[in-house]
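> what's the 3D shape of this:
(chains A and B)
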Number of protein chains: 2
Amino acid sequence: MTDFTRALPGHMYLIGVGPGSPDLLTLRAVNILSSVDVIVAPRSSASSASLALNVVRPHLNEPEVIEHVYPMERDNDQTARCWAQMADLSVARLKQGQSVAHITIGDPLIYSTGAYLVEQIGHRIPADRMHVLSGISAMQAASALIGEPLLTQNDRLLMLPADNLEAVESALDHCETLVIYKIGARFALLVELLRRHGLVKKSRLVCYAEQKREQVFFDLDQAHGERLGYMSIVIVHIGHRPWE
Amino acid sequence: MTDFTRALPGHMYLIGVGPGSPDLLTLRAVNILSSVDVIVAPRSSASSASLALNVVRPHLNEPEVIEHVYPMERDNDQTARCWAQMADLSVARLKQGQSVAHITIGDPLIYSTGAYLVEQIGHRIPADRMHVLSGISAMQAASALIGEPLLTQNDRLLMLPADNLEAVESALDHCETLVIYKIGARFALLVELLRRHGLVKKSRLVCYAEQKREQVFFDLDQAHGERLGYMSIVIVHIGHRPWE
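As a prediction, this is how the structure comes out:
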């Protein structure tokens, strides 16, 4: 198995730092973060500081820190250019024998900017020098706050973003638990949809799980009129499928 | 926010210890495990030791350890009786003012024995004394080993057990990524199904991620003839759904 006790020269680490609380980092992430040469931290153009960087800061041991602003717009070309730049920069450092960690909120393989880096760097360094460190995802943090199982026995769970409400509606027939990411401005329409299906009372809303602005709603109607951000999740408990 | 720096008297902690490597514990889990009075660890009747207990052992500070054998059979009555016993025992300790941690492999809310305890204990202690600590799930550990994003942009991910292959087949039309848990003896039939849909080359198999017996197959055909256990996962990359 790979040695994760410290960051190795020329190795790239894609690290999920969890939803926001520093104590939700894994020990493996702490070991790498405290020994790595270079940290690359994405920052949305809207924020003054990188959320992921704030989470890991207590564990850093004076690495070089490169914060980079990434476009929040869904301009695929601009986004691709931005990540290509970060990939070039990372590969240059790796070839100089430095270790590089790219940090990202949540899990790096679940709706994450990390996906771009995997695509851009993956084929440019040896496979055994590219490592992904899982982090607690928003879905897990939200369900832990709610305290209800996500799925048991034969249940199916379906995860999707709120953007396409047609997809949300059709998903209701194909799972026992539906997890809807990135609620934001879609909330009112989503509640309407869930009400039509008699599912409002079986739904929970968690905003900014494990961050300062955290809010948990066991009753969606109590969130009426709230301005929800991007980091909001609705979990719908549609039913159960026991063993046959 | 809740104080997770140490285990509090009369508080119950349902802790996901991750897939198997001790360094995939979160700092929060370590803080609670190193200060808790009682640890309850499930052990399958087939094994000589609790896997979850082995993961956390380096962090324990001489708590009382209660290992209990749970039935692996799908006898719902027997299973319910077993968990009712564990719930009684836990509640008794909590009422004496002890702190109790129940540990479980992976995440306690994803296909986990933890679900039984939430149901059995949830209504018997005050809600603010019951805590769930998320753990890295098998799906995350498997995808990290593979090094491919689980889902990006508008993708839908569907998670289900391999038991019902009809459900697996119908799921192919409703997601971009399919994660199939608990492969075991269903493997050959599952590969046949994936081949019919032209998806064998887009599928990966990970067995016992982050455990001693770990195996990663980028090509399902190379796993032909292997005897796969319960802790095996297939991830199928069906496609992508970009932003509209």
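
> Go ahead and report the secondary structure state at A:His68.
Classification of A:His68 by DSSP: H, G, I helix; E, B strand; the rest coil places it in strand.

> so what's it up against?
By Cβ atoms under 8 Å, 6 or more residues apart in numbering or on different chains, the contact list for A:His68 reads A:40-43, A:82, A:85-86. The C-beta positions use only the backbone N, C-alpha and C, and glycine is treated the same way.

> 6 Å instead, please
A:Met86 (Cβ atoms under 6 Å, 6 or more residues apart in numbering or on different chains).

> Chain A - how does it break down into domains?
A:12-136, A:139-237 (automatic domain parsing).

> Distance from the last one to the middle of the chain?
The one in question is domain A:139-237. 16 Å (Cα atoms, centre = their mean, to the nearest Å).

> tell me which residues in stretch A:217-226 are buried?
Buried positions in stretch A:217-226, judged by neighbour count with 16 or more other Cβ atoms under 10 Å in any protein chain shown: A:217, A:220, A:223.

> Could you restrict these to the ones contacting chain B?
Residues of the buried residues of stretch A:217-226 in contact with chain B (Cβ under 6 Å from any Cβ of the partner chain): none.

> Could you dump the domains of chain A into JSON lines with mean pLDDT added?
Formatted as JSON lines, the domains of chain A follow (pLDDT from 0 to 100):
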{"stretch": "domain A:12-136", "mean pLDDT": "91"}
{"stretch": "domain A:139-237", "mean pLDDT": "95"}
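
> A:Ser112: neighbouring residues, count only.
Other residues within reach of A:Ser112, judged by other Cβ atoms under 10 Å in any protein chain shown, total 23.

> swap that for A:Trp243, please
By other Cβ under 10 Å, 12 other residues sit near A:Trp243.

> got it, and A:Val36?
24.

> Quickly note the distance from it to chain B.
Distance, A:Val36 to chain B, using Cβ to the nearest Cβ, to the nearest Å: 15 Å.

> element containing the closest residue to that residue other than its chain neighbours, please.
In space, and not counting its chain neighbours, A:Val36 is closest to A:Ala7: 3.9 Å by Cβ to Cβ, 6 or more residues apart in numbering or on different chains. Following DSSP states H and E, one finds A:Ala7 outside all helices and strands.

> who are the neighbours in contact with A:Tyr230?
Counting by Cβ under 6 Å, 6+ apart, A:Tyr230 has contacts A:182, A:184.

> for it, helix, strand, or coil?
A:Tyr230 - assigned by three-state DSSP - is coil.

> about what we covered before: what about the residue nearest to A:Val36, distance to chain B?
14 Å.

> Just list the residues touching that residue, thanks.
A:Ala7 makes contact with A:32, A:35-36, A:99, according to Cβ under 6 Å, 6+ apart.

> With secondary structure added, can I get these in JSON lines?
Formatted as JSON lines, the contacts of A:Ala7 follow (three-state DSSP):
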{"residue": "A:Ile32", "secondary structure": "helix"}
{"residue": "A:Ser35", "secondary structure": "coil"}
{"residue": "A:Val36", "secondary structure": "coil"}
{"residue": "A:Ser99", "secondary structure": "coil"}
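
> Looking at neighbours, which among the residues you listed is most surrounded?
A:Ile32 (27 neighbours).

> My guess is it contacts A:Tyr13. True?
Yes. The pair A:Ile32 / A:Tyr13 is scored as a contact, 5.0 Å apart, by Cβ atoms under 6 Å.

> okay, and the common contacts of these two?
With Cβ under 6 Å, 6+ apart as the test, A:Ile32 and A:Tyr13 both reach A:Ala101.

> if I pick the residue nearest the centre of chain A, what's in contact with it?
Centroid check for chain A by Cα atoms, centre = their mean gives A:Gly106 as the closest residue, at 3.3 Å. Neighbour list for A:Gly106: A:16, A:135, A:137-138 [criterion: Cβ under 6 Å, 6+ apart].

> What residues sit buried inside the helix ranked longest in chain A?
The longest helix of chain A (DSSP state H) is helix A:76-95. The neighbour-count check on helix A:76-95 (16+ other Cβ under 10 Å) flags A:79, A:82-83, A:86-87, A:90-91, A:93-94 as buried.

> how about the strands of chain A, start to end?
Using DSSP state E, the strands of chain A run over residues A:12-16, A:38-44, A:64-70, A:100-104, A:130-133, A:157-161, A:177-181, A:203-207, A:215-217, A:232-237.

> Please state the offset of the second one from the chain centre?
Its chain's average C-alpha position is 14 Å from that of strand A:38-44, according to Cα atoms, centre = their mean.

> strands paired with that strand, and their directions?
Applying DSSP bridges, strand A:38-44 is found paired with strand A:64-70 (parallel), strand A:100-104 (parallel).

> can you list the strands of chain A in JSON lines and add distance to B:Val65?
Below are the strands of chain A laid out as JSON lines (distance: least, Cβ to Cβ, whole Å):
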{"stretch": "strand A:12-16", "distance to B:Val65": "31"}
{"stretch": "strand A:38-44", "distance to B:Val65": "39"}
{"stretch": "strand A:64-70", "distance to B:Val65": "42"}
{"stretch": "strand A:100-104", "distance to B:Val65": "36"}
{"stretch": "strand A:130-133", "distance to B:Val65": "29"}
{"stretch": "strand A:157-161", "distance to B:Val65": "32"}
{"stretch": "strand A:177-181", "distance to B:Val65": "33"}
{"stretch": "strand A:203-207", "distance to B:Val65": "33"}
{"stretch": "strand A:215-217", "distance to B:Val65": "32"}
{"stretch": "strand A:232-237", "distance to B:Val65": "33"}
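
> Out of the ones you listed, flag the one nearest A:Val118.
Judged by Cβ to Cβ, the one of these that comes nearest to A:Val118 is strand A:12-16, at 6.7 Å.

> Report all helices and strands that that closest one contacts.
strand A:100-104, strand A:130-133 (3 or more Cβ pairs under 6 Å, 6 or more residues apart in numbering or on different chains; DSSP states H and E).

> Give me the angle between that strand and strand A:38-44.
Counting by axes from the mean of the first three to the mean of the last three Cα atoms, to 10 degrees, strand A:12-16 points 40 degrees away from the direction of strand A:38-44.

> how far out from the middle of the chain is strand A:12-16?
13 Å.

> strands paired with that strand, and their directions?
strand A:100-104 (parallel), strand A:130-133 (parallel).

> quick one: contacts for A:Arg156?
Residues in contact with A:Arg156 (Cβ under 6 Å, 6+ apart) are A:175-176, B:160.
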